[in-house]
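In: this is a predicted model, with the sequence first.
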Amino acid sequence: AMAVLWDGHEGIGWLSADNFIKKEPPHTYMLEILTLYGATLGHLVTRHRVEEALQQEKEEARQFQEKLQILHEITITLSRTKTLDELYHQAIELGRTQLGYDRLGLLLYDKDANIMVGTYGTDDQGEIRDERDFRGELYPPEIVDILTGQKRLGFWQEASIRDMGQSIGQGWNAMAVLWDGHQGIGWLATDNFLNKEPPLTYMLELLTLYGATLGHLVTRKRAEEMLQKRAQHLALLHDITHTTLQASNFSSMLKALADRLGELIDADNCFITLWDDDLKKTIPIAGYELGDDTKPNIIIEPGDRTMTESVLEAGHPLVAEDVHNSPYLSPKIAAQFTTSSLLGLPLIAGDQKLGVALISFNEPHSFTEDEIRRGEQASGQISLALAQAQLQEQLHEYTIDLEQKNQELRDFNHVVSHDLQAPLRTI
């Protein structure tokens, strides 16, 4: 016989009995007692379950309050970080050590390329890892809908757990969106790859709050860095003007301008080449390489295509993301560079083609619109400086030549005057 244990109108189990031991037939009242016993047990089990659930909820509420206090302290700590990279790293470290997440990663959304970009994350051993070089397709595909909608949290059970784009197991994973206003700029991802435990409800809510906090902090830090870059940009532009006025000679001026331009884009190398329009020839003249005083030693043979020539023909900036596979310069020229990506900025004043500023990175680099724009602003000033410097040098050479001719004329007059004195005395 069996007597059902009820929770309201829902059966939650049963109490079973038989006569295997005594082999006696059942008494009617014993079956009734079994029914009542089952009902009593159902009530007691239900009550204990409710009490345990309430106790669990109370404990989770207490833990949630503690985590909220920790999150407040983390927010203060993160707000004091100096750079975005430091903010990303600290966000992962504090999220794991203080908030208690198993694995945590912070990924940014590149809307133009429709890809995810890594910052810092956690490897399959639970160690913090630098993932700034990671680029990958969005996964899962519904992330796009979450980022472009107003959903704050994505949660998947019995899903593929991924590491650097590769599946490493099954479990649950969740993502909390980082918002900049109404635009998703990235997400905070976590899973249970290491501990294999089910998620606590409050931990998912906490993840949502952490993502919202990071979205605000990242947006603010981006604005701060943009203002700092703008201030640095204006200072370097002023420095370019000052350098032009203070340089003792043309060569030192070009070297100083190359230095300032390299610092402006935070590049690995910067070279300034001049252009001889009569000979259609590129003249490497000054260089900047990680702060070293470097004069480019580039051999250009007749017929070799140079970046300078390509840029001046185009009349606008050109980008060679791979210098060894670009139509803008010959492989022979590219082989003499220690760089991977190159930006060419024309130095033109009026109709006069003066040369090109070449900005390069040793590792593959995608030049942003902001970098190109800042480079163009600087190259405009450099063009005026070059034109003025060349004009002054021409004027200086003309003055020296004129002085030399005047001296020759004075010498001639002296000779003629001396040669005429004897006949005059005779007369």
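Out: On my side now, so go ahead. This one's a predicted model, so the numbers in the text were calculated from it and none came from an experiment.
In: what helix or strand does the closest residue to residue 232 other than its chain neighbours sit in?
Out: Setting aside the residues directly before and after it, residue 232 is nearest to residue 264 in space (CB to CB, 6 or more residues apart in numbering), at 7.8 Å. For every residue, glycine as well, the C-beta is placed using N, CA and C. Element membership of residue 264 [criterion: DSSP states H and E] is helix 250-265.
In: ok so, going back, can you get me a residue count around the residue nearest to residue 232?
Out: Taking other CB atoms under 10 Å as the criterion, the count of residues near residue 264 is 23.
In: next one, pLDDT for the most centrally placed residue in the chain please.
Out: Residue closest to the mean C-alpha point of the chain, counted by CA atoms, centre = their mean, is residue 132 at 7.4 Å. As predicted, residue 132 sits at a pLDDT of 94.
In: try the one 3 residues further on
Out: For residue 135, the model assigns a pLDDT of 92.
In: now residue 280
Out: At residue 280, pLDDT is 82.
In: and it, what does it touch?
Out: Residue 280 makes contacts with residue 309, as judged by CB atoms under 8 Å, 6 or more residues apart in numbering.
In: list the contacts of the residue nearest to residue 232.
Out: With contact taken as CB under 8 Å, 6+ apart, residue 264 is in contact with 232, 233, 236, 237, 374, 375, 378.
In: put the buried members of the residues you listed into a PyMOL selection.
Out: Restricted to the buried members of the contacts of residue 264, where burial is judged by 16 or more other CB atoms under 10 Å, the PyMOL selection command reads as follows:
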select buried, resi 233+236+237+374+375+378
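In: among the contacts of residue 264, which are in strands?
Out: Within the contacts of residue 264, no residue falls in strands by DSSP state E.
In: mind checking which of the contacts of residue 264 land in helices?
Out: When those are checked against helices using DSSP state H, the ones located there are 232, 233, 236, 237, 374, 375, 378.
In: hmm, the last one is touching residue 235, no?
Out: No. With contact defined as CB atoms under 8 Å, residue 378 does not reach residue 235; the gap is 11.8 Å.
In: can you give me the helices in the stretch 151-300 of the chain?
Out: Secondary structure of the stretch 151-300 of the chain (DSSP state H, counting those that start in this stretch): helices located at 201-246, 250-265.
In: pick the most deeply packed of those helices.
Out: Of all those, helix 250-265 carries the top mean neighbour count, a mean of 21, counting by mean count of other CB atoms under 10 Å.
In: and the angle from it to helix 201-246?
Out: 170 degrees (axes from the mean of the first three to the mean of the last three CA atoms, to 10 degrees).
In: tell me how far helix 250-265 lies from the chain's centre.
Out: The gap between the average C-alpha position of helix 250-265 and the chain average comes to 26 Å, counting by CA atoms, centre = their mean, to the nearest Å.
In: cool, stretch 390-400 as well?
Out: Offset of stretch 390-400 from its chain centre (CA atoms, centre = their mean): 47 Å.
In: cool, and stretch 64-71?
Out: Mean C-alpha position of stretch 64-71 versus that of the full chain (CA atoms, centre = their mean) differs by 30 Å.
In: what residues sit buried inside that stretch?
Out: By neighbour count, with 16+ other CB under 10 Å as the criterion, the buried positions of stretch 64-71 are 64, 67, 71.
In: and residue 275, bridged to which residues?
Out: Note on residue 275: beta-bridge partners residue 282, judged by DSSP bridges.
In: am I right that it is in contact with residue 349?
Out: No. Between residue 275 and residue 349 there is no contact, the gap being 11.8 Å when judged by CB under 8 Å.
In: more neighbours, those two?
Out: When neighbours are counted by other CB under 10 Å, residue 275 and residue 349 differ, and residue 275 comes out ahead with 23 against 17.
In: tell me who's in contact with that one.
Out: If a contact means CB under 8 Å, 6+ apart, then residue 275 has 281, 282, 283, 308, 309, 312, 353, 354, 355, 356 as its contacts.
In: of those, which is the nearest to residue 163?
Out: residue 356 (44.0 Å; CB to CB).
In: what helix or strand is the closest one located in?
Out: With DSSP H and E as the criterion, residue 356 is inside strand 352-361.
In: ok, how many other residues are close to residue 50?
Out: Summarising burial for residue 50: neighbours were counted as other CB under 10 Å, giving 11.
In: any idea how far it lies from residue 43?
Out: Taken as CB to CB, to the nearest Å, the spacing of residue 50 relative to residue 43 amounts to 11 Å.
In: same deal with residue 4?
Out: Relative to residue 43, residue 4 is positioned 12 Å away (criterion: CB to CB).
In: could you do residue 357 as well?
Out: Here residue 357 is placed at a distance of 85 Å from residue 43 (CB to CB).
In: these two: who's more crowded?
Out: Under the criterion of other CB under 10 Å, the comparison of residue 357 against residue 43 puts residue 357 first, with 29 against 13.
In: assess the claim that that one and residue 260 are in contact.
Out: No. Judged on CB under 8 Å, residue 357 makes no contact with residue 260 at a distance of 10.5 Å.
In: anything in contact with each of these two?
Out: Between them, residue 357 and residue 260 have residue 378 as joint contacts when contacts are counted by CB under 8 Å, 6+ apart.
In: who's in contact with residue 52?
Out: Applying CB under 8 Å, 6+ apart to residue 52 gives no contacts.
In: and it, helix, strand or coil?
Out: Secondary structure for residue 52, judged by DSSP: H, G, I helix; E, B strand; the rest coil, is helix.
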